[in-house]
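1. any chance you can model this:
(chains A and B)
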Amino acid sequence: MNDFSLLISATFETLYMVIASMFFATLIGLPLGVILFQRGGRILGTIVNIIRSFPFAILMIALIPFTRLIVGTSLGTTASIVPLAVAAAPYLARIVETSLQGVGSNFIEAAKVMGSSNAQIIYKVLLPEAMPSLISNFTVAAVNVIGYSAMAGLVGGGGLGTVAINYGYQRFNVPLMLATVVLLIIIVQGVQWLGGKWTQKLLFKRGLS
Amino acid sequence: MSSLIEFKAVSKRYYRQKNLDIHALRHVNLNIEKGDTFGIIGFSGAGKSTLIRCLATLEKPTFGQIFLRGDEITDMSESELRKVRRRMGMIFQQFNLFFSRTVAENIAYPLEIAGVDKEEKERRVSELIGLVGLDEQRYAYPAQLSGGQKQRVGIARALANEPDLLLCDEATSALDPKTTQEILSLLRDLKDKLDLTIVLITHEMEVVKQICNKVAVLENGEIVETGPIGQVFVDPKAKATKAFAQKTIHEIPHHLLSGEGKVFHLHFKGEKAEKPIITQMVKTYDVDANILLGWIDSLQTVTIGNLIIELTGSAITEAIDFLQAHDVNVEEVSP
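-> So this is what the prediction gives:
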């Protein structure tokens, strides 16, 4: 395989890892964030803090048995999704929590006085109100996950990180190594741009910018 | 028949820190009848927000009971309260519209959560938008509206579930005088059209004067005076009431003052205004009356004539007694 096609497929692997892990992290983090917001959740909050305290490299190794249990292997792109999602989920939960807190109690009261249930207040008022802040903060999280995914690549996780270490670093192919870095920069820029645009569009539509 | 709303010995305390309790409401007794436009007026910190929040079931009193249509709302479960809340509407000082929703979607919110079907919802929303005169803003977002338009949306949203009770939490305090007028006249129209009972809290005398038929004055968490608006403000007893009544006094033209006499504010009710009492007073007693200012207050139920006069001479006390004997309310003011 030539360097070019290697880079192309590695880029797609990275995108796959990031998108899939953000998807699963959102699936877990969103409800966790809502619970944290609603109940404060001392136990849940502690668990979230513990997971967030782990350096990602350590978390990844600690999760190997769990990853094997779910995916069947601890190597490759699909296997990397597990530690990436586990690392991102508590981060997203905190983002959701603080974004909901930022909405302001006056909206909650208005909704409450109209006879809303707690669930209705969350999904019909608070989440839509917090949406611009959620999107821009999720973008920041996605950029973090891109960085983590490269780290996962260093220990056989696939994607651009694997290319950088296996083909670039260990085989002294400096141009290839630099190319992975450039590609990662482009992906980060792209994600940040998309997230920024989306947030702006939403704010503009609502007449808030 | 029992009142629509009844407060029985309602107290609310906030426990902040040791030795620092805040007594927001003290032993409040209040009756509000169906069809009233009931104003609760007080300076900031008087407890009026707490009072309306207790009525809106957003807060529970520490002691006492509140009855709505004869049912005790201070003793209800959250699910029962949700039903109670759907029969009342509330509007706010800061409007509290949802920024994520258009005008139409904001108004549709109460219908959505009540599970009203789509067609009926559309019909109601259009009707309400027409009612508050916002047809052109239907698809606008709240941030694109003026303060007055926002409050119109707030009113439409509050009325979506066809409540018979509307609570107004300083609803015009964030609006300029002209917009306040518009909102108040809209409320007056809607009240008649929809047969509403309105409870409003405010620190603005003008608001009470313009739309309320009854008023309660709140000071330090206590109701210091309550009754029909004419009675309370023509003959104010409590200090806070006097302060509010005085707020309506127009600027006295100081260049007209001789500075030798005393200045009095006279209130004339109804037909008293037609008798030449001032002339009689001047003829009978050794006083001179210098009329500084006069105006007429049209309250919701009565008309009051006001005169600010400066009395000079040796028989001021007797002259005042004479006026009071003729049912004129006299109050000394410091110009």
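2. quick one, phi/psi of residue B:200?
-> Main-chain dihedrals, residue B:200, degrees, to the nearest 10: phi -130, psi 150.
3. beta-bridge partners for it, please?
-> Residues found in beta-bridge contact with residue B:200 (criterion: DSSP bridges) are residue B:39, residue B:168.
4. which residues does it contact?
-> Shown in contact with residue B:200 (Cβ atoms under 8 Å, 6 or more residues apart in numbering or on different chains): B:37, B:38, B:39, B:40, B:167, B:168, B:169, B:171, B:207, B:211, B:212. All C-beta spots, glycine's among them, are computed from the backbone N, C-alpha and C.
5. neighbour-wise, which of these leads?
-> Greatest neighbour count in the contacts of residue B:200, by other Cβ atoms under 10 Å in any protein chain shown, goes to residue B:168: 30 neighbours.
6. I figured that one hits residue B:91, correct?
-> Yes: between residue B:168 and residue B:91 there is a contact at 5.3 Å, judged by Cβ atoms under 8 Å.
7. which pLDDT value goes with residue 124?
-> In the absence of a named chain, this looks at chain A. If you check residue A:124, the pLDDT there is 95.
8. try chain B instead
-> 95.
9. which SS state does it fall under?
-> Each residue gets one of three states, and residue B:124 gets helix by DSSP: H, G, I helix; E, B strand; the rest coil.
10. which residues does it contact?
-> Applying Cβ under 8 Å, 6+ apart, we find residue B:124 in contact with B:108, B:111, B:116, B:160.
11. chain A against chain B: which residues are in contact?
-> A:106-107, A:109-117, A:120, A:124-125, A:128-129, A:131, A:205-208 (Cβ under 8 Å from any Cβ of the partner chain).
12. in chain A, which spans are helices?
-> Using DSSP state H, the helices of chain A run over A:3-39, A:42-53, A:56-62, A:64-71, A:77-101, A:105-113, A:118-120, A:127-154, A:160-162, A:174-205.
13. please identify the buried residues of the longest one?
-> Within helix A:3-39, the residues scored as buried using 16 or more other Cβ atoms under 10 Å in any protein chain shown are A:6-7, A:10-11, A:13-18, A:20-22, A:24-26, A:28-30, A:32-37.
14. how far does that helix sit from the chain's center?
-> Helix A:3-39 sits 5 Å away from the centroid of its parent chain (Cα atoms, centre = their mean, to the nearest Å).
15. wait, residue A:174 sits on residue A:168?
-> Yes: using Cβ under 8 Å, residue A:174 is in contact with residue A:168, at 7.0 Å.
16. what are the ranges of the strands in the stretch 151-300 of chain B?
-> Along the stretch 151-300 of chain B, the segments classed as strands by DSSP state E, counting those that start in this stretch run B:165-169, B:197-202, B:214-219, B:222-228, B:262-269, B:287-298.
17. next structured bit after the last one?
-> Spelled out, that is strand B:287-298. Using DSSP states H and E, the next helix or strand after strand B:287-298 towards the C-terminus is strand B:303-313.
18. direction included, what does that following strand pair up with?
-> Here, using DSSP bridges, strand B:303-313 pairs with strand B:262-269 (antiparallel), strand B:287-298 (antiparallel).
19. I'd like the average pLDDT over that strand.
-> Strand B:303-313 shows a mean pLDDT of 84.
20. show me which residues of it are buried.
-> So, applying 16+ other Cβ under 10 Å, buried residues of strand B:303-313: B:304, B:305, B:306, B:307, B:308, B:309, B:310, B:311.
21. ok, then the element right after that strand?
-> Moving toward the C-terminus from strand B:303-313, the next helix or strand (DSSP H and E) is helix B:316-325.
22. okay, the angle between that following helix and strand B:287-298?
-> 30 degrees (axes from the mean of the first three to the mean of the last three Cα atoms, to 10 degrees).
23. show me what helix B:316-325 packs onto, helices and strands only.
-> For helix B:316-325, the packing partners by 3 or more Cβ pairs under 8 Å, 6 or more residues apart in numbering or on different chains; DSSP states H and E come out as strand B:262-269, helix B:277-284, strand B:303-313, strand B:329-332.
24. show me what counts as buried in it.
-> Buried residues in helix B:316-325, counted by 16+ other Cβ under 10 Å: B:316, B:319, B:320, B:322, B:323.
25. contacts only, for residue A:24.
-> Residue A:24 makes contact with A:81, A:85, A:89, according to Cβ under 8 Å, 6+ apart.
26. I figured residue B:8 was touching residue B:65, is that so?
-> Yes: the criterion here is Cβ under 8 Å, and residue B:8 meets it with residue B:65 at 4.6 Å.
27. write down the beta-bridge partners of residue B:298, one by one.
-> With DSSP bridges applied, residue B:298 shows beta-bridge pairing to residue B:303.
28. show the pLDDT at it.
-> Note on residue B:298: pLDDT of 70.
29. need the longest helix for chain B.
-> helix B:177-194.
30. got the residues of chain B near chain A?
-> Contact residues (Cβ under 8 Å from any Cβ) of chain B with chain A: B:56-58, B:82-83, B:85-86, B:88-90, B:92, B:94, B:96-101, B:109-110, B:112-114, B:140-144, B:157-158, B:161, B:167.
31. quick one on the thing from earlier: return the most buried member of the strands paired with strand B:303-313.
-> Per-stretch averages of neighbours, counted by mean count of other Cβ atoms under 10 Å in any protein chain shown, single out strand B:262-269 among the strands paired with strand B:303-313, with a mean of 20.
32. list the buried residues for stretch B:77-86?
-> B:81, B:82, B:84, B:85, B:86.
33. got it, and stretch B:91-105?
-> B:91-105.
34. now the two most distant members of those.
-> B:93 and B:104 (23.3 Å; Cβ to Cβ).
35. what number of residues are in the vicinity of residue 135?
-> I'll assume chain A. Residue A:135 has 20 nearby residues by other Cβ under 10 Å.
36. that answer is for a different chain, and I need it for chain B
-> When neighbours are counted by other Cβ under 10 Å, residue B:135 comes out with 10.
37. where's the closest residue to it other than its chain neighbours, which helix or strand?
-> On the basis of Cβ to Cβ, 6 or more residues apart in numbering or on different chains, the spatially nearest residue to residue B:135 that is not a chain neighbour turns out to be residue B:129, at 5.8 Å. Element membership for residue B:129, per DSSP H and E: helix B:118-131.
38. for the residue nearest to residue B:71 when sequence neighbours are not counted, give me phi and psi.
-> Excluding the flanking residues, the one nearest residue B:71 by Cβ to Cβ, 6+ apart is residue B:84, at 7.6 Å. Per-residue torsions, residue B:84: phi -60, psi -40 (degrees, to the nearest 10).
39. can you give me the pLDDT of residue B:84?
-> pLDDT at residue B:84 comes out at 92.
40. contact partners for it?
-> Applying Cβ under 8 Å, 6+ apart, the residues contacting residue B:84 are B:57, B:68, B:71, B:73, B:76.
41. tabulate the buried residues of helix B:316-325 in CSV, adding columns for distance to residue A:164 and pLDDT.
-> Formatted as CSV, those follow (distance: Cβ to Cβ, whole Å; pLDDT from 0 to 100):
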residue, distance to residue A:164, pLDDT
B:316, 99, 87
B:319, 101, 88
B:320, 97, 88
B:322, 103, 88
B:323, 98, 86
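42. that's all I had, so thanks and see you.
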